[in-house]
Each structure stands twice: as structure tokens, then as C-alpha cells.
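Chemist: sequence and predicted structure, then a few things I'm wondering about:
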Amino acid sequence: MNLTFIEYEPQKVLSAFRQGDFDGLEIIGQADERDFFQRCFQERILNALADTMPSARKKEEVPRWFILAANLSLKLHQENSFLAFERVVRCGGLLSALPPDLATKHLDAKTRQWALACQGFNEKNSYDRATPCDQDTLRKALKDVPAAQWLEWFNGSVQKVFQSYGFFDPEGIFIGDGSYLFVPDNPAYEGSVVLWFDEHNHPVDYEKLSPQERRKAHRERCYKWVSLLHWRGGSYVYGGAVVLPGNAHEVGPFFELVEQFVKTVGKGVIKWLILDRGFIDGERISRCKRQWHIDVVIPMKKKMDIWADAWALAQREPWQELPHTPPPVVPVPPSRPESIRRRETNRQKTLAQNKQAAPPPPADQVHTHTQYCWIGGFTSWTAASVPLSVVCFKDYYADGHHHDWALMTTHPSAGPLRLLGYYRKRPVIEERHRQLKCFYDLSDFRSRDFNAIAAQVVMVLLTYTLRQWQLWKFLEQALADLTPEGLLQQLKLMQQWVVIYLGLAYTQLPVVTFTREAIQLEGAAREKALHKLAALEDALFSPVLNPRPM
């Protein structure tokens, strides 16, 4: 295996940069991460989570709260490789939130270079430390714990902590779904299987595909990730997760997640459970209602007997037209700069003009209106032991045809509009899948060991949920839907740094220092601007009082 390390060589890179010789630039920030950990320490939530975190160490020289904090820091930087720990420590804000007697990090006022001093957690070090613990310690702390213990911890003890901190709101809307995690086609990935997928990444039976469909199919080695997501009025909390082989059925494990969640936090937290038709199971849906007082909303399949019964009755019932509701207006965050507001306004004008100039779509694709019919008290589905209510829908199009579909629920009188409103929230879990896999590198597994794979999934979900907690409680809940890149743009970080890369070397400068260097590169003598930038630069050296984690 060939490893490539990027060395911190500030003088070499800065000298080359002043001559215009560099390979790339990157902007990083630490103030937001520092705020994240300061909140976790001040609210004592990090310690509450770490107290029950599993460990395989008989002698724990590095405390669990730091193992957890270090992993959260890696995930905040979208890093799954422990080899990146030293770089994340140097560039990020974790050390700024630690007590000074454990670790300090500051810019030297004379050399304008980073000064790191880490004490460590034992007396065995005879050399200066760059990090409070070695990256291999973090790796072993996760890999040596069985996968089942990581999942049990997240689905049990972590949810108790979430409940004690008010993570679950009174409306009690939860969404369940499964998704595939693709990995390289290497059989060494423990517990993975190879399946065929279509162009939309849906699993298919290759033998039943037509020749044309086979040309679009592709083989993937994969796991299946099943999750329980709480929709918290615009923010999101992961209430449970399980990682399975790709060919495992998700229905049984998902309802086991629901059962464990109820046993952990009690009845009444989950009031509504929104599912896709792949989770249709009459016995388990009935158990949710009968034993746990959870009302399930789920679409019907056309091949079900209850589908035929419902539509036969619907022909004799009155139908109503669904009122047209315009898409909700997304509020503009107060922190959004005026320049970005103007840019977005111009973008919307351009989109509107392009839409007007585009040719009209075919009549069979123009939706005109929707009609619905509510029918309650169904008992004809023998697999279900509780009465069901059904809402039948007809989506009409400009050419006259209509698309028929239906929802069923265990609630006796929720009302069709309320039921439809709940079901329309179901796609938010698919968007979480996309964000976690595309922007948080959820499936970028650096280890083929299943223990490490399960631990990575748990740490990513935990980091994402804690980030959501930081947003809804301390910052702006409107930011909860953003990707990591979009979130960083909106938070207006108090401290940002520009990393300059040159070959296999790099340096990093505060934004104000970089701006001064950039102005000098242009050759313009702007003394007034340089004076103001220098003042801002000096402000970065002010000491920060750090809360000590207890």
C-alpha cells in the first residue's frame, strides 16, 4: 500500500505563493466547530453520550469523551480516514474548545505560524505531541468493538440522551426507510453482497430483464441501511439505524427498531409513522397501533384485496377536489448577506424567464387537479387485526387521463388532507439519504471490517443529529436542510483560514493574512486596506476562554 502525506511547510509554500507558484486553494473554518464543541461541553451532552459508549479497552487511558469528540470532529470535516486526524486537529476547532491544560492552539504573533501544545492523557510521552492522542488509538477504539454493540448503543442509550435533551417534539412524526450503501467490488467487505440494480439504483432480477433493460443494469456490492428518522418541524433526528447485507429484507429489522425505540423512550413519543409501500405488513402495522398506540400512514399496492374493495366502495361515495396549495415560501435567513439576496433574486428572475421561453410540456404530463374520497372502517384485509381508513386519489391530466393511488392508515378519523400532508413529508428521509451519502461520505468506508463499518454509520448519524441540535437550539433552524458546504456559507464563520497547496506541501493563513498577501501579489499599494486588514488579523490572536469538559 502506498501512502502519500502532505507536509506542513509554511515558509516554502508562502515563498512560492508570493511568486505565483501554487497548485490549489481551500477555505476552512474553525469557529463554527469550536462553537459546536463548546455547546456540547456546556450542555454536558457529550459526556452523557460518552458515559455509555461501548469500549473494548480494559484500561482506558484516553477517556471516552475525547474518543467521541475526536470522531465527531472527523465527521464534521467529512473525514472517514483516521490518518486525517492530525490535519483535522490542526485546521479545525476542537482544540480551541478543550481546557488549556490539556491542549492549546494559537497563532504565534511573531512567526504567524500555528503553535500546538498537547499534554496527552498519560505520562508515557517523552516527546512533544501534535494531538492529544494517536490516530491509531481512535481507530482501535472503534474497530475493536463489535458492530452489534455500536448499533445497540445508538438505538438505545443514545436515544435516552436525545429524549432527556428534548430532541423529540410533541407532534411525534417519524419516517422509516431503507437505502443501499455501495462499496468497491471486494469480497473482503464483511457481510456485503453483490446485486443487480437498474439505472435508478433500484434492485432488479437480472434474469427477468429485457435485453434493453439489461444494458442499463449494473452490478454493485452493497449493504442495506435501514433508519428511523424523526421530523422535528424542519430539523431531523435519527431515532435508530441498522446495517444489513444488501439482500436482507428490511421489514423485520425496521419494526424491531420501532419496538426497541418504544422500549427505550416509552410510548407516546412516536405518534405517526410514515412508511413506503415496501413496509406493508398487516400484522406488524396492527401491532404498532394495538400495542404502542402508533398510527401508520402507508400507500396501498394495487394487487392487494383491500385496494379492490376500497375502489369498489369509492364509486358509491362522494368525491371532492383537492384544494390547490402553492409551494411554501422558504424564509430568508436573517444572516444572509445582501449581496447573496440580490444574486438569488436575479437567479429566480432568470429561471422564470427560461420557463416562459420553454415549449409547453405534452398534455399527458400537465397535471390539472386531484380528487379524493375518504372511506373508513375497513376490516377486509385479513392480515391486519385493526380497522383501517383509506383515502383514494385521482390525479387528472390535461389529456383527460387520470392516475389512481391510495393511502391507508390505522387512524380512524385523521382526515384526508391531514393524512396527505403527513405522507408528503416522507421524501425528507430520501433527501437525508442523499445528503449523508453524497456530502457526509457515509458509504466511503476506509475499512472492510464490519465493526468499523457499523461504527462509521453510527458516528455519521450521531454527528448529523448533534449538528441539527446545534442549529435548532442555538442558531437558525432554517439552516437544517442545507448541505455542509451551504451551511458553512450561511454561518459566517468568525475565523476562516485559507489553505495553500504546493505539490505535497501546504500552509494555511487567516483570511486577512491571505488577503494582504493577495493584494501584494497584484502589486497595488493599498495602505489603508492593509492597515484595516492588519487590525483584523491582530484580533485573531485574542485569547479565548475555554470551558472544561467535566
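Modeler: Structure's in. What do you need?

Chemist: for stretch 415-425, which positions count as buried?
Modeler: For stretch 415-425, burial by neighbour count (16 or more other C-beta atoms under 10 Å) applies to 416, 419, 420, 422, 423. Where C-beta positions appear, they are placed from N, C-alpha and C, glycine not excepted.

Chemist: closest to residue 252 out of these?
Modeler: residue 423 (23.1 Å; C-beta to C-beta).

Chemist: so how far is residue 196 from the closest one?
Modeler: As judged by C-beta to C-beta, to the nearest Å, residue 423 and residue 196 stand 30 Å apart.

Chemist: cool, and residue 85?
Modeler: Counting by C-beta to C-beta, the gap from residue 85 to residue 196 is 38 Å.

Chemist: tell me which of these two has more neighbours.
Modeler: More neighbours surround residue 85 than the other of residue 85 and residue 196, with 26 against 16 (other C-beta atoms under 10 Å).

Chemist: excluding chain neighbours, give the residue nearest to the more buried one in space.
Modeler: residue 135 (4.1 Å; C-beta to C-beta, 6 or more residues apart in numbering).

Chemist: what number of residues lie near that neighbour?
Modeler: Residues within reach of residue 135, counting by other C-beta under 10 Å, total 18.

Chemist: quick one: residues contacting it.
Modeler: 82, 83, 85, 86 (C-beta atoms under 8 Å, 6 or more residues apart in numbering).

Chemist: most neighbours out of these, which is it?
Modeler: residue 85 (26 neighbours).

Chemist: ok, the longest strand belonging to the chain: who's next to it in the sheet?
Modeler: Assignment by DSSP state E gives strand 218-232 as the longest strand of the chain. Strand 218-232 sits in its sheet next to strand 173-183 (antiparallel), strand 193-197 (antiparallel), strand 235-245 (antiparallel), going by DSSP bridges.

Chemist: for the second one, buried residues please.
Modeler: For strand 193-197, a neighbour-count test (16+ other C-beta under 10 Å) marks 193, 195, 196, 197 as buried.

Chemist: ok, and what's touching it?
Modeler: Against strand 193-197 from outside (C-beta under 8 Å, 6+ apart): 180, 185, 203-206, 209, 217-222, 245-247.

Chemist: now those residues: which count as buried?
Modeler: 180, 204, 220, 221, 222, 246.

Chemist: tell me the two of these that are most distant?
Modeler: Among the buried ones among the contacts of strand 193-197, 204 and 221 lie farthest apart (C-beta to C-beta), at 15.7 Å.

Chemist: now the helix or strand containing residue 352 - C-alpha only, CSV.
Modeler: Secondary structure from DSSP states H and E places residue 352 in helix 338-357. Extracted C-alpha coordinates of helix 338-357, given in CSV (Å, rounded to 0.1, in the frame of the first residue of the first chain):
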residue,chain,number,x,y,z
GLU,A,338,-27.5,41.4,0.9
SER,A,339,-25.2,40.6,-2.0
ILE,A,340,-26.4,36.9,-1.9
ARG,A,341,-30.0,38.0,-1.6
ARG,A,342,-29.7,40.1,-4.8
ARG,A,343,-27.9,37.2,-6.5
GLU,A,344,-30.8,34.8,-5.6
THR,A,345,-33.4,37.3,-6.8
ASN,A,346,-31.7,37.6,-10.1
ARG,A,347,-31.4,33.8,-10.4
GLN,A,348,-35.2,33.4,-9.8
LYS,A,349,-35.9,36.0,-12.5
THR,A,350,-33.7,34.1,-14.9
LEU,A,351,-35.5,30.8,-14.1
ALA,A,352,-38.9,32.4,-14.6
GLN,A,353,-37.8,33.8,-18.0
ASN,A,354,-36.4,30.5,-19.1
LYS,A,355,-39.6,28.7,-18.0
GLN,A,356,-41.7,31.1,-20.1
ALA,A,357,-39.4,30.7,-23.1
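
Chemist: can you tell me which helices and strands it packs against?
Modeler: Using 3 or more C-beta pairs under 8 Å, 6 or more residues apart in numbering; DSSP states H and E as the contact criterion, no helix or strand is in contact with helix 338-357.

Chemist: C-terminal to it, what's the next element?
Modeler: strand 367-378.

Chemist: need the residues that contact that following strand.
Modeler: By C-beta under 8 Å, 6+ apart, strand 367-378 touches 306, 309-310, 313-314, 317-322, 324, 387-398, 408, 412-413, 415-416, 420.

Chemist: now list the buried members of the residues you listed.
Modeler: 306, 309-310, 314, 388-394, 396-397, 408, 416, 420.

Chemist: what is the nearest of the residues you listed to residue 432?
Modeler: Within those, distances to residue 432 taken as C-beta to C-beta reach their minimum at residue 420, with 21.3 Å.

Chemist: quick one: residues contacting that closest one.
Modeler: By C-beta under 8 Å, 6+ apart, the neighbours of residue 420 are 322, 372, 391, 393, 407.

Chemist: next one: stretch 351-368 to chain centre, how far?
Modeler: 34 Å (C-alpha atoms, centre = their mean, to the nearest Å).

Chemist: list the buried residues for it?
Modeler: Result for stretch 351-368 [16+ other C-beta under 10 Å]: no buried residues.

Chemist: buried residues, stretch 459-472. List them.
Modeler: For stretch 459-472, by 16+ other C-beta under 10 Å, it's 459-472.

Chemist: just the CA trace of stretch 311-320, in CSV.
Modeler: Provided in CSV are the C-alpha atoms of stretch 311-320 (Å, rounded to 0.1, in the frame of the first residue of the first chain):
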residue,chain,number,x,y,z
TRP,A,311,-62.2,1.4,-5.1
ALA,A,312,-65.4,-0.5,-5.4
LEU,A,313,-66.9,1.4,-2.4
ALA,A,314,-65.4,4.7,-3.7
GLN,A,315,-67.6,4.5,-6.8
ARG,A,316,-70.6,5.0,-4.5
GLU,A,317,-69.1,7.7,-2.3
PRO,A,318,-68.9,11.5,-2.9
TRP,A,319,-65.6,12.8,-4.3
GLN,A,320,-64.1,16.2,-3.5
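
Chemist: other residues contacting that stretch?
Modeler: With C-beta under 8 Å, 6+ apart, stretch 311-320 has contacts from 371, 372, 373, 374, 375, 392, 394, 404, 406.

Chemist: out of those residues, what pair is the most spread apart?
Modeler: Longest span within the contacts of stretch 311-320, C-beta to C-beta: 374 and 404, 15.2 Å.

Chemist: more neighbours, these two?
Modeler: When residue 374 is set against residue 404 and neighbours are counted by other C-beta under 10 Å, the residue ahead is residue 374, at 19 against 12.

Chemist: who does that one bridge with?
Modeler: Under DSSP bridges, the beta-bridge partners of residue 374 are residue 391.

Chemist: what distance do you get for it to residue 69?
Modeler: For residue 374, the distance to residue 69 - C-beta to C-beta - is 51 Å.

Chemist: residue 416 now?
Modeler: Plainly put, residue 416 is 48 Å away from residue 69 if you go by C-beta to C-beta.

Chemist: check residue 286 too.
Modeler: Applying C-beta to C-beta to residue 286 and residue 69 gives a distance of 43 Å.

Chemist: which one's more surrounded, those two?
Modeler: Per other C-beta under 10 Å, whichever of residue 286 and residue 69 has more neighbours is residue 69, with 24 against 19.
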